[in-house]
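Asks: Kindly generate the corresponding structure for this input.
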Amino acid sequence: MAKVCVPLAKGFEEIEAVSLIDVMRRGGIEVVVAGVNEELVTGANGITVKADTDIKYVLADELDMIVLPGGWEGTHMLAENERVQELLREMKAKEKVVGAICAAPFALKAAGVLGSKYTCYPSVEEQIGKEGYTDKEKVVIDGNVMTSRGPGTAICFGLEIVKRLVGEETYMALKEGLLADYC
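Replies: The predicted structure follows:
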């Protein structure tokens, strides 16, 4: 079974985090929600999520992917957290998948793991750098780096992660069951 870590830092975007966690778990992926500096993490809109573990206990060798939800405050914490940044670099070095949605590609850039093609929330590309940015796709896959645009694309992003880590058959069944024809 594939295993994915979703780090949550204060100010994370709740729709993105919960949608990704839900879709991946429905797809048969083991998801570890890792708190950054706290066990009860409050998102950008006041919703609190209880983490499964602390990010300091997460090991790249035990993961197939790490995926970062957006939200500006949470993104900046992910970009500044030494363990998150180290984990992202370890995942890249081990040729494992890294992903980010909304503002969070900013944290991938900070770690030096963002691919040459990416997408993000409109205007965040100004903080990251416009080279390689596109707003034409809901999900951009560039080798082992997956990025997506924002809250409205979170289910599509989760489905693409399921396709990548579990397979086409599970992806199609899940997409149909979620009524996600728009993905």
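Asks: For Lys136, pull up the helix or strand it's in.
Replies: Per DSSP states H and E, Lys136 falls between elements, in no helix or strand.
Asks: roughly how far apart are the nearest residue to Ile29 once chain neighbours are set aside and Leu159?
Replies: Spatial nearest neighbour of Ile29, excluding adjacent residues (C-beta to C-beta, 6 or more residues apart in numbering): Ala2 at 4.8 Å. Where you see a C-beta, it was placed from the backbone N, CA and C, and this is true even at glycine. As judged by C-beta to C-beta, to the nearest Å, Ala2 and Leu159 stand 14 Å apart.
Asks: Among these two, which residue is more densely surrounded?
Replies: For the pair Ala2 and Leu159, the greater number of neighbours falls to Leu159 (24 against 19), based on other C-beta atoms under 10 Å.
Asks: helices or strands up against the worst-scoring helix or strand of the chain on mean pLDDT?
Replies: Within the chain, confidence by mean pLDDT, DSSP states H and E is lowest for helix 125-128 among all helices and strands, at a mean of 94. Using 3 or more C-beta pairs under 8 Å, 6 or more residues apart in numbering; DSSP states H and E as the contact criterion, the secondary-structure elements in contact with helix 125-128 are helix 105-111.
Asks: Now do the helix it packs on: everything it contacts.
Replies: Around helix 105-111, the neighbours that count as contacts under C-beta atoms under 8 Å, 6 or more residues apart in numbering are 68, 75-76, 78-80, 84-85, 88-89, 92, 98, 100, 114, 118-120, 124, 127-129, 145, 147.
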